[in-house]
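Undergrad: Got a predicted structure plus its sequence, pasted below:
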Amino acid sequence: MDESIYEKNRELQRKLDHLLKQARANEKKQELYETFGFEIIGASTPKQLRDLLLSQTVERFQLLDVVLCLVDYHKDTERLFFERDEEAQLSYENKLLILDTLKDAEIIHSLAGHPVLGVEALKNYRWMIANLKNRNQVKSAAFLPLLRGEQIIGALLLLSQDPHRYQVGIGTLFLQKISAMAAVAIENCLNQQRLKEISYQDVLTQAYNRRYFDLRFKDEIARCMRWDDDLICMFLDVDHFKKINDTHGHQTGDLVLRYMVGVIKEQVRSCDIVARYGGEEFVVALPSTTLQAAHEIAERLRQAVCSTALNFHDKQFTVSISIGIASLRSLLTAQQHDADFICNTLLDRADQALYAAKSGGRNQVAVYADADLVAH
Ligand SMILES: Nc1nc2c(ncn2[C@@H]2O[C@H](COP(=O)(O)OP(=O)(O)OP(=O)(O)O)[C@@H](O)[C@H]2O)c(=O)[nH]1
C-alpha cells in the first residue's frame, strides 16, 4: 500500500482518538454537573444549599470563587437563607449579595436574562466581585441568571483564574442546567423556610409560639452550657387581663396583647427569643445574660408598660404586668441533669417566680431564689 494511505489512516486515527477523548471528557463533565444539580435540588436546609452553592461549586468545578446575588422580593431572604447563623453570615459576607428591590432597582434591571461570558461578564458584573479578597486573580467569569419563569430571582457569577475558561462562544448548556436547578432549589428552600416560620408564629401577635420556644429554648440552654454562659427565662403576664377584656371588649384585649409583644421586643435584643406562651402570658429566653442584667431589663419593661397610657378603639386605660425570672446558672450549681429536666425546671422556676409576683400584689418583678429546689 502506498505510504500516503498509511499517513491518511494515521491522521484519521488521531482525529478519532481526539474525538473519543473529547466525548469522554464531556461525558464526565455531564456526570459531574448532573450529580451536582441533583444535590442542589435535594438540599433540604438553607445550610446545605449555602454550602453547595457557595463552597462546593468552587471545589468541584475548580473555580477561583463564586458569588451569588439574590433579589430580596419579600424582604426576608437574608433571614431565611442564614437562619440567624451569624457565623455563616460573616463567612459568606462577600459571596452572597442581597439586592433590595428599591435601593438596588437599577442593578436588578441590569441583570441579563441569559448567560454572559468572558470580558463582558467581568465588565458588566464587576460590582459582584468588588468585595472579594481574590478579585485581582479573576481572569474570566460566567454570569448565570437565576430565573423562575420570566422573573430574575438572582444570579451566579462563576470565577476562574484561567482566562480561557469562560470565553464567548463556549457551550453554555451545562451551565444553564445548573443555574436552572439552583433557581428552583433556592426558591423551594426559601418557601420551605417561610412555611416553617408561619408554623412557628403566633397568629395574633406575630411573636413566636410555644412550639417554637420549646424547640429553641433547649438549643439555647445547650449552647449556653457549652460556653459556660448564663441564660435567663422570663415569664410575663398581663395583670387582670380578664377585666380588660370584660371592660373594653375582647378586640381591645387582642390589641393589648399585640402591644405587649412590641414593648417586649423593644426592650430585648434581637437574639432573645420572645414567644406567646398562652393566653396573656409571654416568655422570653435571654441567652448570655446575668440575673442582674435580666432584673434590670424586667424592671424597665414593667415600668414602660405601666407608665404608658393606651388608647385603643377610643378607650383610654393603662395596664400592668407581672414578671418572674429564673437563671440557668443557679440551677446548675445543684447537680447535673439531662437537658429536658433542666429545660422544664427552668420554665417551672420562672413560672413560680411569676406566681410570687402575682401574689405579692402584681405589677412587680420576682426572681426565683430557692437554688435548692432542683435537688428535691
Ligand atoms: N382578648 C383576648 N383574651 C384572651 C386571649 N387568650 C386568653 N384571653 C383571656 O385572658 C384572660 C385571662 O384571665 P385570667 O387567667 O383569669 O388572668 P387575669 O385576669 O389576667 O388575672 P391575673 O393573671 O391573675 O392578673 C381570660 O379571660 C381569657 O379569656 C386572646 O387571645 N385574646
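TA: Noted; the coordinates are in hand. Values in this document were obtained by computation on a predicted structure and should not be read as measured data. Numbers count the residues shown, from 1 in each chain.
Undergrad: So which residue is smack in the middle of the protein?
TA: By Cα atoms, centre = their mean, the chain has its centre lying nearest to residue 83, at 1.9 Å.
Undergrad: OK, contacts around that one?
TA: Going by Cβ atoms under 8 Å, 6 or more residues apart in numbering, residue 83 touches 45, 46, 47, 193. Glycine gets a C-beta too; all of them are placed from N, C-alpha and C.
Undergrad: Setting aside sequence neighbours, what's the nearest residue to residue 56?
TA: Spatial nearest neighbour of residue 56, chain neighbours left out: residue 36 (7.4 Å); criterion: Cβ to Cβ, 6 or more residues apart in numbering.
Undergrad: show me the contacts for that neighbour.
TA: 52, 56, 57, 60, 178.
Undergrad: what about the last one, neighbour count?
TA: Using other Cβ atoms under 10 Å as the criterion, residue 178 is surrounded by 21 other residues.
Undergrad: ok, now which ones touch it?
TA: 33, 36, 37, 40, 144, 156.
Undergrad: Most neighbours among the residues you listed, please name it.
TA: When neighbours are counted by other Cβ under 10 Å, residue 144 leads these with 26 neighbours.
Undergrad: tell me the SS of it?
TA: Judged by DSSP: H, G, I helix; E, B strand; the rest coil, the three-state class of residue 144 is strand.
Undergrad: What count of nearby residues applies to the closest residue to it other than its chain neighbours?
TA: Of all residues not flanking residue 144 in the chain, residue 179 sits nearest, at 3.8 Å (Cβ to Cβ, 6+ apart). Residue 179: 23 surrounding residues under other Cβ under 10 Å.
Undergrad: which other residues reach the helix or strand of the chain with the lowest mean pLDDT?
TA: Lowest on mean pLDDT, DSSP states H and E among the helices and strands of the chain sits helix 328-332, with a mean of 84. Contacts with helix 328-332, where a contact means Cβ under 8 Å, 6+ apart, come from 221, 224-225, 230-233, 291, 342, 345-346, 349, 368, 371, 374.
Undergrad: same deal with stretch 95-113?
TA: The contact list for stretch 95-113 (Cβ under 8 Å, 6+ apart) reads 50, 54, 65-73, 77-78, 81, 124, 127-128, 132, 143, 145, 147, 152, 154-155.
Undergrad: Per-residue pLDDT of residue 21, please?
TA: Note for residue 21: predicted pLDDT of 88.
Undergrad: Walk me through the domains of this structure.
TA: According to automatic domain parsing, the chain comprises the domains 3-199, 210-375.
Undergrad: Go through those domains and pick out the most buried.
TA: domain 210-375 (a mean of 18; mean count of other Cβ atoms under 10 Å).
Undergrad: Quickly check: that domain near the ligand or not.
TA: Yes: residues of domain 210-375 contacting the ligand under Cβ under 6 Å from any ligand atom: 237-243, 245, 250, 253-254, 257, 279-280, 358, 362.
Undergrad: follow-up on the earlier one: out of the contacts of residue 178, which sit inside strands?
TA: Members of the contacts of residue 178 lying in strands (criterion: DSSP state E): 144, 156.
Undergrad: ok, so of the contacts of residue 36, who is nearest the ligand?
TA: residue 52 (42.3 Å; Cβ to the nearest ligand atom).
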